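A.B. asks: build me a model:
(one chain, ligands or ions: 1)
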Amino acid sequence: MDVYLPRTLAEALEVKARRPEAVPIAGGTDVMVAINFHRLRPDAVVDLSRLPELRQWREEDGAVFVGAGMTYARLVRELSWCVPLAQAARTVGSPQIRNRGTLGGNVGTASPAGDTLPVLAAHDAEVVLGRAGGRVRALPWDQFFLGPKQTALAPDELVLGVRWRRLRGPGSFLKVGTRNAMVIAVASLCLVVDEVGRAVRVALGSVGPTVLRAPEAERFAAEQMQRAGAWDDPRAALSDAVVEEFGERVAAAARPIDDVRGSAAYRRHACAVLARRALRWALGDRRLAG
Ligand SMILES: Cc1cc2nc3c(=O)[nH]c(=O)nc-3n(C[C@H](O)[C@H](O)[C@H](O)COP(=O)(O)OP(=O)(O)OC[C@H]3O[C@@H](n4cnc5c(N)ncnc54)[C@H](O)[C@@H]3O)c2cc1C
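C.D. replies: Numbering: from 1, shown residues only. Just a heads-up that it's a prediction; the model follows:
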């Protein structure tokens, strides 16, 4: 096996141009598991962990760009203002996994259970991809994640990072598993409120072939907030019946399967519970913020 250890992003992209089959390895917390279990036998790997260009995040004219090489530990520390992302990062694995594992690795693996994916989907993020020669393209999340562990990444490309418009409004990430730590999600959900666009956005993980949005439930929540006057007055309440109905509509957007981690029926139920909880938290946060 050839092991490439580029020191710059340009060098890494040159390797991918010459050896498109070379498997990128960032934290290695997915790649090494696949190699150890003989699911992957690469002829070449290209180590991305030394590339300063991927290990940074920055504000970009109302948007935020987060480099693929940002670890979960750093997301928790440095992006705590993006509450759902910090919450998702905090639930990943153990401290060791959070010190090694990266956002780009989660995006590259594209597991339906990847904890950052609902956060990206709820923020309408785009995935920024690079090729040798400075060629860069950005794909909306729903054009990048194509199915379970399938993405639109071309063999000679690398994920440079993800980018989304910063939102004003509360949000949260919630995850149900068989225990509280070191667990793959049985169902997960990210809800964000966009105060400026007067929208509620909900994304679901682990309940479909890839991350899903719940557009019908989103429309319902925004309309009900409008009807209650809650967009203008955060103290205006939504009735319990409306919150219940919202949960049912979110659950209806799920496309879960039965597997070793949970039944489809349980997953659907979990989506409804998480959705109601997330909406109540968001409404409570809005009331507190006045
Ligand atoms: C014990 C354990 C617990 C875990 N717990 C969780 C959990 O709770 N939640 C969760 O979501 N995940 C969990 N994972 C999975 C894993 O940690 C995450 O998916 C992590 O984000 C992978 O990041 P990495 O940097 O280690 O990726 P790697 O293993 O290095 O790479 C993962 C995939 O992405 C590709 N890749 C990486 N970087 C790039 C790039 N810049 N461009 C193109 N392709 C790239 C690689 O080729 C590979 O296909 C766990 C794993 C372990 C071993």
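
A.B. asks: need the residues of the stretch 51-200 of the chain near the ligand, please.
C.D. replies: 68, 91-93, 97, 100-102, 104-106, 108-109, 114-115, 153, 158-159, 182 (C-beta under 6 Å from any ligand atom). To be clear about C-beta, it is placed using only N, CA and C from the backbone, and glycine gets the same treatment.

A.B. asks: inside helices: which ones of those?
C.D. replies: Using DSSP state H, the members of those that fall within helices are 91, 97, 100, 104, 105, 106, 108, 109.

A.B. asks: quick check: the fifth one touching residue 32?
C.D. replies: No - look at residue 105 against residue 32 with C-beta atoms under 8 Å: they stay out of range, at 10.9 Å.

A.B. asks: list of residues touching stretch 250-263?
C.D. replies: Residues from elsewhere that reach stretch 250-263 (C-beta atoms under 8 Å, 6 or more residues apart in numbering): 177-178, 184, 186-187, 189, 202, 204, 206-209, 212-217, 264, 267-272, 274-275.

A.B. asks: on that earlier part again, and the residues of the stretch 51-200 of the chain next to the ligand, which are buried?
C.D. replies: 68, 91-93, 100-102, 104-106, 108-109, 114-115, 153, 158-159 (16 or more other C-beta atoms under 10 Å).

A.B. asks: quick one: low-confidence ranges for this structure?
C.D. replies: Within the chain, not a single segment meets pLDDT under 70.

A.B. asks: quick one, strands of it?
C.D. replies: 2-4, 23-25, 44-47, 57-60, 63-67, 126-131, 135-140, 145-147, 150-151, 158-165, 171-176, 187-194, 199-205, 212-213 (DSSP state E).

A.B. asks: which strands or helices does the first one pack on?
C.D. replies: With contacts defined as 3 or more C-beta pairs under 8 Å, 6 or more residues apart in numbering; DSSP states H and E, strand 2-4 has these neighbours: strand 44-47.

A.B. asks: which outside residues touch the strand it packs on?
C.D. replies: Outside strand 44-47, the residues that reach it (C-beta under 8 Å, 6+ apart) are 1-6, 12, 15-16, 19, 21-25, 31.

A.B. asks: which ones among those also lie next to the ligand?
C.D. replies: Applying C-beta under 6 Å from any ligand atom to these, those adjacent to the ligand are 23, 24, 25, 31.

A.B. asks: would you point out which residue is most central in this protein?
C.D. replies: In the chain, the residue lying closest to the centroid (C-alpha atoms, centre = their mean) is residue 117, at 2.1 Å.

A.B. asks: so who does it touch?
C.D. replies: Applying C-beta under 8 Å, 6+ apart, the residues contacting residue 117 are 106, 107, 110, 111, 141, 145, 203, 205, 210, 211.

A.B. asks: need those in CSV (columns: distance to residue 197).
C.D. replies: As requested, the contacts of residue 117 are exported to CSV (distance: C-beta to C-beta, whole Å):
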residue, distance to residue 197
106, 26
107, 25
110, 27
111, 29
141, 17
145, 23
203, 16
205, 23
210, 24
211, 20
